[in-house]
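# for reference, the sequence and a predicted model appear below.
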Amino acid sequence: MNTILLSINWNPNPELFNLFGLPVRYYGLLWAVGIFLAYVIVHYQFRDKKISEKKFEPLFFYCFFGILIGARLGHCIFYDPQTYLTSFRGFWEMILPIRFLPDGGWKFTGYEGLASHGGTLGLMIALWLYCRKMKMHYMDVVDMIAVATPITACCIRLANLMNSEIIGKPTDVPWAFVFERTDMLPRHPAQLYEAIAYFLLFLVMIYLYKFYNKKLHRGFFFGLCLTAIFVFRFFVEFLKENQVSFEDNMSLNMGQWLSVPFVIIGLYFMFFYDRKSIKK
C-alpha cells in the first residue's frame, strides 16, 4: 500500500518590495515588528511602575544596537570565523550590510546572518550600560525586557521561515515543509516550531506579569525567559540541519553548546537569586 506524504511547498520571495533600489525583505521587516512590539510592552511596564518617561526614551536605542551588534558578531565569530575574521573584505562585510562582488563592486544585502545567542549577550551588555547611565537596578530592567523578549524571538523565527533558512531535517510528518530553495525533501519546519513555542511563552509571561508580578522575586522573569527559550532551543536543534560544516563532527552542535550556559544562568535567577527581594 502506497503512503501519500503530505507537505507544504515553501518558496516565498524573501524580498517584499523594492524601495528606490533598496530591497525591503520580510526578514528585516519581521525583525522591526518584533522590536516594535517589545517596545510597546516594555513602555507599558514603565508606565505601570510609574518610572519616568525620560528614563524610558533612551532604552530603545540601547536595546536595538545591543541586539543588532551582538547578533551579528555572534554569527560571524561563532559560526563563520573563517569568512569574516581572516580577510579585510570579510571584516567589512561583518560590519557593513553589504557584500563585495567579484568585479570589485558591492551590493546591499542587509545583515545576512544573525545569531540569537550573540543577540542575547549583546542585549545584556547594552542594558548594563543603560542602567549605569539611568541609575536603575539592572535586574528590574532585565525583568521588564524579559516579559517582551519572547514575542520578538517569535518574529525573528518567522523571519527565518520567510528566508527559508535554519531548516529542519528530512521527515515524513504530514506538516513537513519542502524548502524549494534548498531541495525537494520534506523537512521539519523548525523555525515554525520555535516561533510557536516563543509565542506561547510570551502568553505565559503576560499572564504572570498581570497576576503575579508583585509576588515573584526580582530576577524571576529574566530567569524564566532564559531557561524556557534556551531549553527549547537545545532540544529543537536535534530536528535542525547543522548550520555550518564543522558542526557535523560535534556531539552537540554550536547552538546547543551555547544554550547550556544560558540555561544555567536562567535557573539560577529563577530559583536562587534574591528570593527575598520586593519589587518596586
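Ah, there it is.
# can you give me the strands for the chain?
According to DSSP state E, the chain carries its strands in the segments 7-10, 15-19, 22-25, 98-100, 106-108, 176-179, 186-187.
# make CSV out of those and add mean pLDDT, distance to residue 131 and mean neighbour count.
The C-beta positions use only the backbone N, C-alpha and C, and glycine is treated the same way. Shown next, in CSV, are these (pLDDT from 0 to 100; distance: least, C-beta to C-beta, whole Å; neighbours: other C-beta atoms under 10 Å):
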stretch, mean pLDDT, distance to residue 131, mean neighbour count
strand 7-10, 90, 42, 15
strand 15-19, 81, 36, 11
strand 22-25, 79, 33, 14
strand 98-100, 79, 34, 15
strand 106-108, 78, 35, 11
strand 176-179, 96, 42, 21
strand 186-187, 96, 42, 22
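# mind checking the ones you listed for the one nearest to residue 91?
strand 98-100 (11.1 Å; C-beta to C-beta).
# sheet-wise, list the partners of the closest one with their directions.
Within its sheet, strand 98-100 is paired with strand 106-108 (antiparallel), according to DSSP bridges.
# residue 164: neighbour count?
17 (other C-beta atoms under 10 Å).
# in contact with it, which residues?
Under the criterion of C-beta atoms under 8 Å, 6 or more residues apart in numbering, the contact partners of residue 164 comprise 10-12, 14, 179-182.
# go on, residue 198?
Residues in contact with residue 198 (C-beta under 8 Å, 6+ apart) are 150-151, 153-154, 157, 229, 232.
# measure it to residue 11 for me?
Computed as C-beta to C-beta, to the nearest Å, the residue 198 to residue 11 distance reads 24 Å.
# what do you get for residue 165?
Summarising the geometry, the distance separating residue 165 from residue 11, computed by C-beta to C-beta, is 13 Å.
# what's the answer for residue 61, then?
As defined by C-beta to C-beta, residue 61 lies at a distance of 36 Å from residue 11.
# can you add distance to residue 238 and give the strands of the chain back as CSV?
As requested, these are exported to CSV (distance: least, C-beta to C-beta, whole Å):
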stretch, distance to residue 238
strand 7-10, 20
strand 15-19, 32
strand 22-25, 29
strand 98-100, 32
strand 106-108, 36
strand 176-179, 16
strand 186-187, 14
